[in-house]
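1. Mind folding the following:
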Amino acid sequence: MIKKLTLIAALSLPLGLIAEPAVSAELSQYTAGRVQRAHNLQQDEKLDEAIGLLEGLTPSRDYDKAYVQRMLGVFYWQQNNITKAISSLTEAVNSGLLQDEQAWITQRMLADILLSSEEFKQALPHYYALTENIPENQKADELWLRIAQSHYQISEWKKTISAINTYAKYAGEMGVEPLTIKLGAQLQLQQWKAALPTLEALIVLEPNKLVWWQQTAGVQLRLGQSKSALDTLALARRQGVELSQQDLKTLAQLYAQRGIPERAAILYSQLEGAESDVELVVLQAQYWQIAKEWDKSIAIWQQAAKLDNQYRWQLAQLLLQQGYYQQAITELDKVSGNKHGADVALAKVRAHYKLNNVEKAIIFAKQADNIESSSVSKSWIKYLSQKREMSS
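-> This is a model prediction of the structure:
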């Protein structure tokens, strides 16, 4: 699953608020004078003095209060005092008294500051309010992207997707960020089929990013589309995307499932530790054996046996199967433990019989019968005894 996005809201300073004429016709004469003075101080880069002047005002008129709070909010933002900026701008917006051309920008600034401060639930009502009346010189797609970001951060997945779809109507083609948000919500909702087109779009935009290929193959496997998952990982590899060790193992397993074990064996041989990790060596031997590449399988089983003696038994069995009887006997002599005792003795019976050494074959047949009497051991004893009598 995609981790929650780290949002860094790119707040652009609302220059219209900073550079606006400080005096409004609706302000009282006293407040207008102080506001103009604060504006001039801010322009002279005396921000602390401007803030101090405005903080000292106690307007009696509600409109004056709202206007001063808006201006303070902008100055606090410039001062990087986010808490006070939010408080002042909230008071100004909630008053409902600022109906001039800068009112929309004021609320947008408040919403963006709340988003950058990770106050997502508080930011959402402001963004939605802003979408109801968007000025011609403002971008609707930016608002809907921020709405989607906010819903995403508070795990409201369905609302996230709805907001992104609305964003797409305004923006047209979607970039990496909105697609990533949409994908994250789709995966959280387990909308596997819907996630595939989103992943395909991300791969087009970032073809060298491994995670998109990994997630595409993962979703395809969840949907039971093993052939598509194989094609996805194979295509990524052909295009030069550096797959992880686990991805390559998955690809090898998919080749084996598709009936191409030799491809699986080759892939395992290319992994880190392919010659020293006994598990990887054994898998190579097994896949070569499934592919009926007997000599290659024998060579890899020999390697596995050197790393771990328990694999002598598999090596000996394959040698015996392929008619390398003397080599099989050599390896059978090295098989340790009692796990395969009777089976090892019977294997020696067969090897010695194939080498026309009836006497040794009888010895091992009796040994097998002593370890674990069976119809096979008894049949060998009877058959070999008869053969010896006939020969004599």
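2. State the mean pLDDT of the host helix or strand of residue 250.
-> For residue 250, the host element (DSSP states H and E) is helix 245-257. The average pLDDT within helix 245-257 is 96.
3. just for this protein, where's the confidence low?
-> 1-25, 100-101, 338, 392 (pLDDT under 70).
4. Strands of that one, residue ranges please.
-> Here the chain has no strands by DSSP state E.
5. quick one: residue 240 and residue 208 touch, right?
-> Yes: at 7.4 Å, residue 240 counts as touching residue 208 under the criterion of Cβ atoms under 8 Å. C-beta: built from backbone N, CA, C; applies to glycine.
6. more neighbours, the two?
-> With neighbours defined as other Cβ atoms under 10 Å, residue 240 and residue 208 compare such that residue 208 has more, 12 against 8.
7. got the contact list for the more buried one?
-> By Cβ atoms under 8 Å, 6 or more residues apart in numbering, the contact set of residue 208 is 239, 240, 241.
8. now do residue 80
-> Contacts of residue 80 by Cβ under 8 Å, 6+ apart: none found.
9. need the contacts of residue 208 in CSV with distance to residue 135, can you?
-> Conversion of the contacts of residue 208 to CSV gives the following (distance: Cβ to Cβ, whole Å):
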residue, distance to residue 135
239, 45
240, 47
241, 44
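10. just curious, which of the residues you listed is nearest to residue 148?
-> residue 241 (28.2 Å; Cβ to Cβ).
11. any idea how far the closest one is from residue 224?
-> For residue 241, the distance to residue 224 equals 24 Å [Cβ to Cβ, to the nearest Å].
12. Of those two, give the one with the bigger neighbour count.
-> When residue 241 and residue 224 are compared for neighbours, residue 241 comes out ahead with 18 against 9, by other Cβ under 10 Å.
13. from memory the more buried one sits against residue 213, does it?
-> Yes: using Cβ under 8 Å, residue 241 is in contact with residue 213, at 5.8 Å.
14. Now do the phi/psi pair for residue 340.
-> Backbone torsions for residue 340, taken as degrees, to the nearest 10, come to phi -110, psi 20.
15. All further residue positions should be reported with the first residue as 355.
-> Fine by me, first position is 355 from now on; the one you just mentioned is residue 694.
16. Find the nearest non-adjacent residue to it, please.
-> The shortest distance from residue 694 to any non-neighbouring residue, by Cβ to Cβ, 6 or more residues apart in numbering, is to residue 667 (5.2 Å).
17. what does residue 581 give?
-> In space, residue 581 is closest to residue 612, 6.8 Å off (Cβ to Cβ, 6+ apart).
18. ok, the one you found - how many residues close by?
-> 13.
19. for it, phi and psi?
-> Torsion angles at residue 612 (phi, psi; degrees, to the nearest 10) stand at phi -90, psi 0.
20. my guess is it meets residue 583, correct?
-> No: under the criterion of Cβ under 8 Å, residue 612 is not in contact with residue 583, lying 10.4 Å apart.
21. For the nearest residue to residue 588 once chain neighbours are set aside, give its distance to residue 621.
-> Distance criterion Cβ to Cβ, 6+ apart; nearest residue to residue 588, sequence neighbours excluded, is residue 605 at 6.6 Å. Separation of residue 605 from residue 621 (Cβ to Cβ): 6 Å.
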